[in-house]
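**Q** Predicted model and sequence below, questions to follow.
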Amino acid sequence: MSDMLGGVRIVTIEAVGVVPGATGLMRDMGAEVIKIEPPGGESGRGNWKKSADLGDTFPGGSFFDIRNRGKQSVTLNVAAPEGRDILVKLLAEADVFCHNLRATAVKRYGLDYETLSALYPKLIYASFSGYGEKGLDKDKDGWGPVALWSRAGLGAHYGDNDSMPEPTRGAMDDTIATIGFLTLVLGALMERTSSGLGQHVSTSHYQLGTWINTPIGQALQGEKVPYRVGHWDSPTRAIYECQDGRWLFVHAGRPSHWKALCEAMDRPDLVNDERFANQTAVRQNARALIEILQVEMKKKPALEWERIITDKGGASGMVYTVEDVVNDPQAEANGFFTHYDTPAGPKRLLNPPFQYSRTPLTPRGPAPEVGQHTDAILAAAGYGPEEIAKFRSSGVV
């Protein structure tokens with residue numbers, strides 16, 4: 001078990017996916033993570049319920065579990081002056097303060113960087129928002145599908161010309177942003193080892209979306225960017241149905257990959273066909289090539305095509321379902337999953353998505369119940385039993 005972030009204390013006001021995901025990965029790396037929640041619990045808990053027959057130590061596999069396993073939960077009403085004062089006191093021992101509060105709320109609660117850095121100059125203050133912390137939209141509700149996918153222009157490029165833009169699925173937007181926010185905080189921690197000072201670091205769904213939307217770089221240079229080019233943007237970089245009804249992604253835009261694909265299909269005549277001599281010619285004769293490849297791919301099952309094309313030095317991959325992934329020997333061999341024995345029998349969980357040879361990462365216990373660690377954390381901060389009871393009766397915790 002790795003403690004690469006051992007000794008780092010993170011206090012976080014977080015909800016749903018991005019910030020909880022990033023601090024959850026830091027917990028996997030050994031950091032202590034104190035999760036501040038409103039008395040009723042953060043909204044991302046949703047309908048999550050711990051399954052009793054799996055035992056109290058099982059980290060769980062739900063969206064909430066994976067992002068919050070191993071953390072400590074403290075319930076705190078930071079809108080109340082007493083709650084704000086408790087939070088500020090907890091930050092005295094913190095290395096990082098993370099939040100995804102709206103910009104105006106941060107100012108109203110007195111939790112802005114200027115206020116906190118004056119008290120704790122070594123504190124790293126990491127904030128996440130939908131659209132950035134300045135401008136007219138700084139307080140706009142910024143969920144991933146609208147701020148990262150739609151506002152950053154990603155949705156405009158997906159879907160066929162005669163159809164609506166494609167929506168994002170599977171919380172892909174939040175997952176992308178999670179890795180971005182994690183990188184942000186780890187960079188600040190590294191910089192502090194030399195400067196000894198904290199700083200305000202921030203990013204947003206919108207900004208991360210613009211960074212991953214590569215055509216924006218073209219648009220910044222004044223180039224015209226095609227929209228919603230559809231499935232058949234390039235016949236040599238497209239998905240085809242195979243003999244078994246499964247789908248194969250063919251990636252043959254490079255000359256070497258195109259040659260390998262032709263050899264795999266036993267169609268050497270296509271290599272020297274002037275209609276497909278380069279990508280410009282391929283686009284001009286797209287319909288003809290699509291029809292050829294559709295016929296060829298129907299001759300074998302998808303997984304067999306993948307093997308044959310790969311053996312020839314080409315690039316292709318069967319489109320896996322989630323059931324395929326969880327039963328994939330390649331994923332198992334590379335430690336994508338971890339195994340647990342529970343009272344209900346053996347179970348598997350997703351491992352953290354990073355490989356370290358000397359300090360491997362593993363889940364650090366289950367996600368906490370709402371406020372599970374409130375009394376212990378407040379007592380460690382110097383509050384007595386009577387004070388804590390008063391806080392609870394007045395709705396502060």
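**A** In hand now; what should we look at?

**Q** and the biggest helix by length in the chain, which residues are buried?
**A** The helix spanning the most residues in the chain, taking DSSP state H as the definition, is helix 172-195. By neighbour count, with 16 or more other Cβ atoms under 10 Å as the criterion, the buried positions of helix 172-195 are 173-174, 176-182, 184-186, 188-189, 192. All C-beta spots, glycine's among them, are computed from the backbone N, C-alpha and C.

**Q** all helices for the stretch 201-350 of the chain, in order.
**A** For the stretch 201-350 of the chain, the helices defined by DSSP state H, counting those that start in this stretch occupy 205-212, 215-220, 255-264, 279-284, 286-297, 302-311, 322-326, 329-333.

**Q** CA atoms only for the fourth one, dumped as CSV, please.
**A** So the one you mean is helix 279-284. As requested, C-alpha coordinates have been extracted for helix 279-284 and formatted as CSV (Å, rounded to 0.1, in the frame of the first residue of the first chain):
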residue,chain,number,x,y,z
GLN,A,279,-6.2,10.6,-47.5
THR,A,280,-7.3,13.4,-49.9
ALA,A,281,-8.2,10.7,-52.5
VAL,A,282,-9.9,8.6,-49.8
ARG,A,283,-12.2,11.5,-48.8
GLN,A,284,-13.0,12.2,-52.5
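
**Q** Residue 247 is nearest to which of the helices of the stretch 201-350 of the chain?
**A** helix 302-311 (6.4 Å; Cβ to Cβ).

**Q** Centre of the chain to that closest one, how far?
**A** Shown here is helix 302-311, whose average C-alpha point lies 30 Å from the average C-alpha point of the whole chain (Cα atoms, centre = their mean, to the nearest Å).

**Q** same thing with stretch 79-96?
**A** Between the mean C-alpha position of stretch 79-96 and that of its chain there is a distance of 28 Å (Cα atoms, centre = their mean).

**Q** Contacts for that stretch next, please.
**A** 8-13, 34, 36, 74, 76-78, 97, 109-111, 116, 119-120, 122-126, 185, 188-189, 377-378, 381-383, 391, 394-397 (Cβ atoms under 8 Å, 6 or more residues apart in numbering).

**Q** List the residue ranges of the stretch 101-250 of the chain that fall below the pLDDT cut-off.
**A** Judged by pLDDT under 70, the stretch 101-250 of the chain has its weakly predicted residues at 159-162, 226-233.

**Q** ok, back up a step: out of the helices of the stretch 201-350 of the chain, which comes closest to residue 157?
**A** Relative to residue 157, the nearest member of the helices of the stretch 201-350 of the chain by Cβ to Cβ is helix 215-220, separated by 6.6 Å.

**Q** what are the C-alpha coordinates of that closest one, in CSV please?
**A** Output in CSV follows, covering the C-alpha atoms of helix 215-220 (Å, rounded to 0.1, in the frame of the first residue of the first chain):
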residue,chain,number,x,y,z
PRO,A,215,-10.1,21.7,-33.4
ILE,A,216,-10.1,24.7,-31.2
GLY,A,217,-6.4,25.1,-31.9
GLN,A,218,-7.2,25.2,-35.6
ALA,A,219,-10.0,27.8,-35.0
LEU,A,220,-7.6,30.0,-33.0
